[in-house]
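Visitor: coordinates for the following, if possible.
(chains A and B)
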Amino acid sequence: DQQVKQNSPSLSVQEGRISILNCDYTNSMFDYFLWYKKYPAEGPTFLISISSIKDKNEDGRFTVFLNKSAKHLSLHIVPSQPGDSAVYFCAALFYGSSNTGKLIFGQGTTLQVKP
Amino acid sequence: DTEVTQTPKHLVMGMTNKKSLKCEQHMGHRAMYWYKQKAKKPPELMFVYSYEKLSINESVPSRFSPECPNSSLLNLHLHALQPEDSALYLCASSQGGQPQHFGDGTRLSIL
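Guide: Down below sits the predicted model:
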């Protein structure tokens, strides 16, 4: 039972254009959604997050949009740069009765930005 | 530079060996996590420690034994592992609802 899904295993875009990475979820109880970026031989690095009560959060070139009715979120990177080439994981955080929460990851999307 | 340090970076062990993975953070975070990541799969939560006490165990087999000696250190003791336990083991820490910071992982191979 995959609660967080990234249906596109890979995405290729030209430098300077917009990259749009998509993520779907099934559990309405998630409290936050996060995007992590992962280079080979490194751990995931936090990029940007959004609370479940918001519909947009922006940080520099990165914007995350949340559509709660569709249980869908997306990460927009504009303009895309070759250094953005990495695996991007969507993750959902559920607290429940825990003060630490549980982070559930999607399968990841490999982004390639071509010069 | 990662603020969560994991050692060793690589580990090869036989099925009868006992070894330990170590994780250290000096950010004052009071929650620490172990994840397992298989090739081309997402990280999967194994254990969560909150204020040095085990708060979540995701039904992990007993051949994996976590330990939190103090607020900066997290260990994962390994014993009698199986070949299917070969994976990247990631440690993370967080504080006060902030995003988790990950280490670069230990790549474990079981012969």
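
Visitor: contacts and neighbour counts: CA atoms only from here.
Guide: OK.

Visitor: how close does the closest residue to residue B:20 other than its chain neighbours sit to residue A:38?
Guide: What sits nearest to residue B:20 in space, not counting adjacent residues and going by Cα to Cα, 6 or more residues apart in numbering or on different chains, is residue B:77, at 4.3 Å. Using Cα to Cα, to the nearest Å, residue B:77 is found at 26 Å from residue A:38.

Visitor: got it, and residue B:49?
Guide: Using Cα to Cα, residue B:49 is found at 24 Å from residue A:38.

Visitor: who touches residue A:14 in this structure?
Guide: By Cα atoms under 8 Å, 6 or more residues apart in numbering or on different chains, the contact set of residue A:14 is A:80, A:113-115.

Visitor: how many neighbouring residues does the residue of chain B found nearest chain A have?
Guide: Using Cα to the nearest Cα, the single residue of chain B nearest to chain A is residue B:104, 4.0 Å away. By other Cα atoms under 10 Å in any protein chain shown, the residues close to residue B:104 number 26.

Visitor: hey, which helix or strand in chain B has the poorest pLDDT?
Guide: For chain B, counting by mean pLDDT, DSSP states H and E, strand B:53-57 ranks last in confidence among helices and strands (a mean of 92).

Visitor: run the chain-centre distance for it.
Guide: 13 Å (Cα atoms, centre = their mean, to the nearest Å).

Visitor: for it, enumerate the helices and strands it packs against.
Guide: If you count contacts as 3 or more Cα pairs under 8 Å, 6 or more residues apart in numbering or on different chains; DSSP states H and E, strand B:53-57 packs onto strand B:44-50.

Visitor: list the beta-bridge partners for residue 50.
Guide: Just going to use chain A. Residue A:50 has the following beta-bridge partners by DSSP bridges: residue A:33.

Visitor: wait, chain B
Guide: residue B:31, residue B:53.

Visitor: residues from chain A in reach of chain B?
Guide: A:34, A:41-46, A:89, A:98, A:100, A:102-108 (Cα under 8 Å from any Cα of the partner chain).

Visitor: if you set the cut-off to 6 Å instead, what comes out?
Guide: Neighbours of chain B within chain A, by Cα under 6 Å from any Cα of the partner chain: A:42-44, A:105, A:107.

Visitor: what is residue B:23 paired to in the beta sheet?
Guide: Counting by DSSP bridges, residue B:23 is bridged to residue B:6, residue B:74.

Visitor: not counting sequence-adjacent ones, nearest residue to the residue of chain B closest to chain A?
Guide: residue A:43 (4.0 Å).

Visitor: residue 79: how many residues sit nearby?
Guide: I'll assume chain A. Using other Cα under 10 Å: residue A:79 sits among 14 other residues.

Visitor: you looked at the wrong chain, it should be chain B
Guide: Neighbour count for residue B:79, taken as other Cα under 10 Å: 18.
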